[in-house]
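Just to be clear, the model below is a prediction. Sequence and coordinates:
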Amino acid sequence: MNFTTDIVIGIEIHVELATKTKLFCGCPRVGAPDEKPNTRTCELCLGHPGSKPVLNRKAVEYALRICLATGCEISPELIFSRKSYFYPDMSKNYQISQYEVPLGKNGKISIDSGKDVRINRIHMEEDPASLVHPSGMRESSHVLVDYNRSGNPLCEIVTEPDLTSPDEARDFMKKLSSIITYLDIFDVNSCIIKADANISIKESDYTRVEVKNITGFKEIERALNYEIERQKQEVANGGSIVLETRGWDADKGISFRMRTKESEDDYGYIIDPDLTVTNISKEWIDEVKSTLPELGHEKVTRYIKDHSLKEDDAKVIAAEKELATLFEKVAEEINPILAAKWLRRELVRVMNYNDIGWNDLQIDEIHLTDLLRLVEANKITDKTAQKLMEQLIEEPFDVNVKVEEEGLLAVTDSGEIEKMCKEAVDSNPQAAEESKGGSDKALNFLIGQVMRLSKGKADPKTIKEIIESIIK
Amino acid sequence: MNIKELAQKIASGEIDAVEHTHQVLEEAKRINKEFNYINTFCEKRALAAAESVKKGKIKGSLSGVPVSIKDSIVVKDVESTAGSAILKGYIPLFNATCVQKAEDEGAIVIGKSSQDEFGFGSFSTNVGVGFKKPLNPIDPTRACGGSSGGAAGLAMKAKFPTLSYGESTGGSIVVPASFCGVYGMCPTYGRVSRYGLIDYGNSLDKVGPLSKYIEDIALGLEVMSGHDPNDSTSVKAPDSDFSSYLKKDVKGMKIGVISEAFGDGTTQDVQDAIWDGVKKLEDLGATYEKVKTPLAIDKGLAVYYILATSEASTNLAKYCGMRYGVQKETNESFNDYFKNIRSPNFGDEAKRRIILGTFARMAGVRDAYYLKAAKVRTLIIEEYKKLFKNYDVLVCPSAPYTAPTFTEIEKLTPLHTYMADLMTVGPNLAGIPHLNVPIGEKGGLPVGMMVLGDHFKEGELIRTGAAFR
């Protein structure tokens, strides 16, 4: 292939599908938090003689959703193959995967820069067991094997080498994350997402290095940055890059050599004769299509068109399914622009500050609607609203009751405010003098004093106007 | 006495299930000392089952009927090795579906019958390391045939009524049935669940019954058949009242005699016996014509050995001493450990087929071997399908010769050994049912006629076989 960019990156992402049971048996996909190793297994996940796989159609449906959401061509037949290699995490020493005919091919995902990252193929396969290295990945004298994960359904998404920077790769992963969350096929708490990246740089004449086992959405950028720097330095120091497979050690933040590749791996694929060909009928595809939710990029367009949101606000809100869902509910009652501003800025800020994820969020659209309705009607000041938001996140309450009980309604009686303004001006003659002379600092000080007197319930804009009229 | 009669007598209380099982076990063990038909007896389990039958806890069409299960079909709590040292000590956690169905009908599993390791052979001489070869029930200097040798041998030798559960990938039911002089039915692929069958070539493996009596074959198949949600290749098949075909005569049947099966490779004795059989069918009102299956005969062996070994080499990969079967202490890397378990515990033929199969699916040759073989297989199916438009059944010898002596077998090259399957690989590749009918003897040794039918036409085979009762 003729590459022109400084950096060429292609990634393969393994997404675990959030089904109830494993891909080819009835074992639960997820165990209890305190489950013991090798207990969530049956004869099939352990590769016992005589056991036979039976396909979980729900997993196929989930994979179809990804294919449809990324615009893939879908194969009319689902065919599984055996990928043979010997490794202790493989219960059969072959993995049931797909080879010649993947479920989907030729799709794309658009990233922020406007670029379409092409999807080469999407296929289904079973997860191997997990290997536990008791004293570190490379130092351990032995590994322990836990087959609880063995047979979990994975969907592998393979991109073309279209990415040209770790930044783009991160953005791509973000987009993919958004898609699979919207599709309801990925559960961030129980599903694993892993990536293998192929990275090459111009300086080495694009010699391809594969870095395996990059876990999680955020790790990809870090791993790519490290690997690119490593390759550049290697070349700068007079070394050369070889065709190899490296592993990513997230604890240490480095990649390490696993094996050099003299040739392509030969997995001796055969069609898995234990599984019959599954027809993917047009009806089935249509059925899955009809259940597809609106995706992030579709929401962005709609928010701009229907709600007149700014593109930036629309994008930030649509990028996260939970935020978008909340926004849409609140926007039914509240001016969407106001709702967008408050959700995107205040809610997210307070959540981040308290390190609260969407799963931990205890408040819902009713709390937010109550709160923002008051803001919308100028019944409470922004400051009060911010404070209430902070308190809501800590422990939810009925906003209207609280505002009533604690007398938080904004002071709108201008006589009342005027009294407080006079008091502030009278008690701070120097500041009053300086404000008159045009000092914003002094004016803000006075406004602050009034805010304090009103316990934050007076509207700063009104205060400013009144003070200015007094000192004039 | 056939198994149906036995089951009735046990159900009526005329025969005591426990006492009978005791006697059966004694006799089977006595036979086994000389003939090696059973790798593992499960005496306690058998007696417990007999007790249940006696108490009336289990009632069914096989009440109290002793059955032997080929070692490659797993029986819960009973060592199941597929005749291989690498699975020594393996105690299955579940029953194969066919075993469960038998036990639900009151059958008494007495033990696991001997076989070529993983089914890799035509004579039951390729037994696993440390296993004993089963001997021909008529002449112990001769082979039982394989790979379901123990199943066929016991069916012939036992004086008690019994049903043997065999398995065929490329001829492993009809060949031993032919050498031992019993009926052996390899059903349509998908008719009987493979769940619990230790795989040889998954797209070819079929479980089927062997017995001295065609009535037992019909009843046995009725019990075994049926769709199984645990086996994706299992089929919801119509027509399972096989016993009703026992009453039908062959009048008006159109029979195709596969003429290539009467060439140089087939002994005169066998040719004569088969023609006698065909003439008998003609006397009974059937008509026959000579037909040809050139593709099955010319390409069948090559296609079979490529596909079967390709699949087998992946199936055998899981046996590495890590999760079950033989194990040992180790400080080695997993690669060395796997090698040191596999090298001494697989027999020569298993290694040969692993190497053959791994080669056939290697990148670079995969298109020329594995994929091409899969295409030719489809053509072979079409070849048979065309014939079944005009003929009810096809017939030919089950094997080109009668049971050979062990000395004769030793002289055969691997390729010559594979030739023993010449007749049987075709129907096995096509997944069509085929039945060995013991039609007579030559030089004191049984000769078997193979009757082939269209998919799911086992009834026609039983109809034909019943003519030779």
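In hand now; what should we look at?

Please name the nearest non-neighbouring residue to the residue of the stretch 1-150 of chain B found nearest chain A.
As assessed by C-beta to the nearest C-beta, chain A sits closest to B:Val74 within the stretch 1-150 of chain B, at 4.3 Å. The C-beta positions use only the backbone N, C-alpha and C, and glycine is treated the same way. Nearest non-adjacent residue to B:Val74, counting by C-beta to C-beta, 6 or more residues apart in numbering or on different chains: B:Pro92, 3.8 Å away.

Quick one: residues contacting that neighbour.
Residues near B:Pro92 by C-beta atoms under 8 Å, 6 or more residues apart in numbering or on different chains: A:Glu43, A:His48, A:Pro49, A:Gly50, B:Val74, B:Val75, B:Lys76, B:Asp77, B:Val78, B:Ser80, B:Gly196.

residues in contact with the lowest-mean-pLDDT helix or strand in chain B?
When the helices and strands of chain B are compared on mean pLDDT, DSSP states H and E, helix B:414-419 comes out lowest with a mean of 80. Outside of helix B:414-419, the residues within contact range by C-beta under 8 Å, 6+ apart are B:Gly121, B:Ser122, B:Phe123, B:Gly265, B:Leu301, B:Tyr305, B:Glu349, B:Arg352, B:Pro400, B:Ile409.

rerun at 10 Å
Applying C-beta atoms under 10 Å, 6 or more residues apart in numbering or on different chains, the external contacts of helix B:414-419 come out as B:121-123, B:125-126, B:146, B:170, B:265, B:301-302, B:304-305, B:348-349, B:352-353, B:356, B:400, B:409, B:412-413, B:425.

hmm, whichever helix or strand comes after that helix touching chain A?
Reading on from helix B:414-419 to the C-terminus, the next helix or strand found by DSSP states H and E is helix B:425-430. No - contact check for helix B:425-430 against chain A, using C-beta under 10 Å from any C-beta of the partner chain: none in range, with a minimum separation of 12.6 Å.

same check, this time on stretch B:431-442
No - for stretch B:431-442, no contact with chain A is found by C-beta under 10 Å from any C-beta; the gap never falls below 11.6 Å.

One more: stretch B:307-327?
Yes - judged by C-beta under 10 Å from any C-beta, stretch B:307-327 and chain A are in contact via B:307, B:310-311, B:313-320, B:322-325.

what does the model give the residue nearest to the spatial centre of chain A for pLDDT?
Taking C-alpha atoms, centre = their mean, the centroid of chain A lies closest to A:Ser177, which sits 4.5 Å from it. You'll see A:Ser177 listed with a pLDDT of 92.

can you check A:Glu416 too?
What the model reports for A:Glu416 is a pLDDT of 81.

That one - how many residues pack around it?
Applying other C-beta atoms under 10 Å in any protein chain shown, we find 13 residues neighbouring A:Glu416.

who touches the closest residue to chain B within the stretch 51-200 of chain A in this structure?
With C-beta to the nearest C-beta as the measure, A:Asn93 is the residue of the stretch 51-200 of chain A nearest to chain B, at 3.5 Å. Under the criterion of C-beta under 10 Å, 6+ apart, the contact partners of A:Asn93 comprise A:47, A:82, A:84-87, B:314-320, B:322, B:338.

same question, A:Leu131
A:Tyr87, A:Pro88, A:Asp89, A:Met137, A:Ser140, A:Val143, A:Leu144, A:Val145, A:Asp146.

Hmm, A:Asp127 and the last one touching each other?
No - taking contact to mean C-beta atoms under 10 Å, the distance of 11.6 Å between A:Asp146 and A:Asp127 leaves them out of contact.
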